[in-house]
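>>> Structure here, sequence nowhere to be found:
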């Protein structure tokens, strides 16, 4: 079976571009989950959102990567310095963490709160 590498690469580029566009739409002071972003991008694998954000160096600092968290309301980064950077950025936008480091998606979720700036 022959795999067309260029086609796969172009598809990945298109999907990553869509993901980045969606993440750029998340307003300041709100968060979205990897799964929500994936759903909006028309894909099933939320891990692709993480891969796209990890490669966001292509897009510069204009991508608010820190506004994407896991479905449990937690920061997914395991690397302590990166975790602390994401938390600091979220705190600077008014995001509140519980004692267990959980963000209440009903209060801060872009798609799950009562905020009026949803798509």
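Now that the structure is in, tell me what you want to look at. This structure is a prediction, so every number in the text was calculated from the model and none was measured.
>>> give me the low-pLDDT residue ranges for the protein?
1-11, 57-60, 112-119 (pLDDT under 70).
>>> Helices of that one, start to end?
5-25, 34-41, 47-54, 80-92, 105-108 (DSSP state H).
>>> Tell me which of those sits most buried.
helix 34-41 (a mean of 21; mean count of other C-beta atoms under 10 Å). (C-beta placed from N, C-alpha, C; glycine too.)
>>> still on that earlier bit, tabulate the helices of the chain (a markdown table), appending distance to residue 71.
Shown next, in a markdown table, are these (distance: least, C-beta to C-beta, whole Å):
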| stretch | distance to residue 71 |
| --- | --- |
| helix 5-25 | 16 |
| helix 34-41 | 5 |
| helix 47-54 | 12 |
| helix 80-92 | 16 |
| helix 105-108 | 8 |
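>>> Quick one: closest of these to residue 73.
Nearest to residue 73 among those is helix 105-108 (5.3 Å), distances taken as C-beta to C-beta.
>>> which residues does the most centrally placed residue in the chain contact?
Nearest to the mean C-alpha position of the chain, counting by C-alpha atoms, centre = their mean, stands residue 68 at 2.9 Å. By C-beta atoms under 8 Å, 6 or more residues apart in numbering, the contact list for residue 68 reads 23, 26, 31, 32, 33, 34, 37, 49, 53.
>>> ok, so of the residues you listed, who is nearest residue 92?
Looking across the contacts of residue 68 and measuring by C-beta to C-beta, the closest to residue 92 is residue 31, at 13.2 Å.
>>> close enough to count as contact, that closest one and residue 105?
Yes - using C-beta atoms under 8 Å, residue 31 makes contact with residue 105 at a distance of 7.2 Å.
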